[in-house]
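Peer 1: let me see the structure of the following:
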Amino acid sequence: MIRQMKIDLLLMPMSARWADMRAAAVAADEAGFHGLWTWDHLRDTDGGEAPPEAWTVLTALAEATTRVMLGPLVLNVANRQPGVLANMAATLQAVSGGRLLLGIGAGGSRRTPYAVEQAAIGQKVDGDAARAQKVVEAIALIRKLWAGEAGFMRPEPAPPIIVGGFGPRMAGIAGRHGDGFNTQAMHPQLADLAKRARDEHAASGRDPKTFIMTVFAGLDERWLDAGSRGRQRLEQIGVDRLILLTGPPFDIGAIRRAGRLL
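Peer 2: Reported below is the predicted structural model:
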């Protein structure tokens with residue numbers, strides 16, 4: 001199944017300044033990128049300047065841009081109570097004019113450096129299975145509230161929920177409960193993960209053709225070449241969005257040059 005793949009840009013927030021992120025986002029919007037993303041982290045694990053908070057940045061970018069889709073890659077469901085997040089997402093969908101892609105995930109394990117930031121804000125880091133189950137529970141509550149229960153704000157339209165992960169468990173959760181899956185572009189089991197997610201999506205009674213498969217990689221002109229081996233592999237697997245990462249200091253000229261290759 002061959003799809004027309006969209007090319008997005010992710011602005012890495014570690015040691016970034018808001019003004020520079022805004023300038024890069026506006027350049028990407030004008031250059032023709034299809035979407036903009038940022039990470040959900042609260043500290044720089046390498047000891048650099050603390051990153052701007054993801055949701056606040058995205059809300060501001062909804063006003064600074066006019067065309068691109070916007071999303072977090074991905075929100076740690078432990079950091080925001082899911083019922084509150086449902087209203088936050090509905091609000092951002094209104095602010096952006098329907099441009100939100102809601103990326104969520106289980107957060108880093110105890111083995112990752114991101115466990116430190118969880119401890120710093122008073123959040124314990126559960127085991128893999130428990131954290132995965134929290135994603136399932138979050139999606140269920142968000143969808144319930146988006147349906148208008150208890151008088152909560154209803155997004156128009158409801159943004160796709162894209163679940164991030166690196167293994168079959170999260171791919172399965174993404175397919176059965178979410179609307180899309182995100183993982184590494186160079187993942188050695190990418191085709192298998194994509195198939196698992198789509199099979200679970202079909203098993204849930206939904207059309208697998210509507211499932212949104214997204215992957216991320218570093219910003220490199222080889223990914224912008226539609227004839228490259230890497231791009232052709234992603235096209236064959238049916239990837240819908242290729243998200244290219246770029247970090248500060250953001251090279252506005254490079255973003256504009258990349259846009260001309262889209």
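
Peer 1: which parts of the protein are strands?
Peer 2: 6-11, 35-38, 69-72, 75-76, 102-105, 161-164, 180-184, 212-218, 241-246 (DSSP state E).

Peer 1: export these to TSV and tack on mean pLDDT?
Peer 2: Shown next, in TSV, are the strands of the chain (pLDDT from 0 to 100):
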stretch	mean pLDDT
strand 6-11	98
strand 35-38	98
strand 69-72	98
strand 75-76	95
strand 102-105	98
strand 161-164	98
strand 180-184	98
strand 212-218	98
strand 241-246	98
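
Peer 1: how close does the residue positioned nearest the centre of the chain get to residue 129?
Peer 2: Compute the mean C-alpha point of the chain, and by C-alpha atoms, centre = their mean the closest residue is residue 73, 2.9 Å away. Applying C-beta to C-beta, to the nearest Å, the value for residue 73 to residue 129 is 23 Å. For glycine as for every other residue, the C-beta is placed from the backbone atoms N, C-alpha and C.

Peer 1: now swap in residue 245 and tell me
Peer 2: Note on residue 245: its distance to residue 129, by C-beta to C-beta, is 29 Å.

Peer 1: these two: who's more crowded?
Peer 2: Neighbour totals were compared for residue 245 and residue 129, and residue 245 leads with 17 against 10 (other C-beta atoms under 10 Å).

Peer 1: what's the closest non-adjacent residue to the more buried one?
Peer 2: Computed as C-beta to C-beta, 6 or more residues apart in numbering, the closest residue to residue 245 that is not its neighbour in sequence is residue 10, at 4.6 Å.

Peer 1: from residue 31, how far off is that neighbour?
Peer 2: Distance check for residue 10 against residue 31: by C-beta to C-beta, it reads 15 Å.

Peer 1: more neighbours: the two, which one.
Peer 2: Shown here are residue 10 and residue 31; by other C-beta under 10 Å, residue 10 has more neighbours (23 against 18).

Peer 1: distance check, the more buried one against residue 200.
Peer 2: Taking C-beta to C-beta, one finds residue 10 at 26 Å from residue 200.

Peer 1: residues touching residue 6, list them.
Peer 2: If you count contacts by C-beta atoms under 8 Å, 6 or more residues apart in numbering, residue 6 has them with 34-35, 240-242.

Peer 1: where does pLDDT dip in the stretch 101-250 of the chain?
Peer 2: Within the stretch 101-250 of the chain, no range satisfies pLDDT under 70.

Peer 1: ranges for the helices of it?
Peer 2: Per DSSP state H, counting those that start in this stretch, the stretch 101-250 of the chain carries helices over the ranges 115-120, 128-146, 168-177, 190-203, 229-237.

Peer 1: now these as CSV including distance to residue 101?
Peer 2: What follows is the helices of the stretch 101-250 of the chain, written out as CSV (distance: least, C-beta to C-beta, whole Å):
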stretch, distance to residue 101
helix 115-120, 24
helix 128-146, 14
helix 168-177, 13
helix 190-203, 16
helix 229-237, 18
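
Peer 1: buried deepest among those, which one?
Peer 2: Stretch with highest mean neighbour count among the helices of the stretch 101-250 of the chain: helix 168-177 (a mean of 22; mean count of other C-beta atoms under 10 Å).
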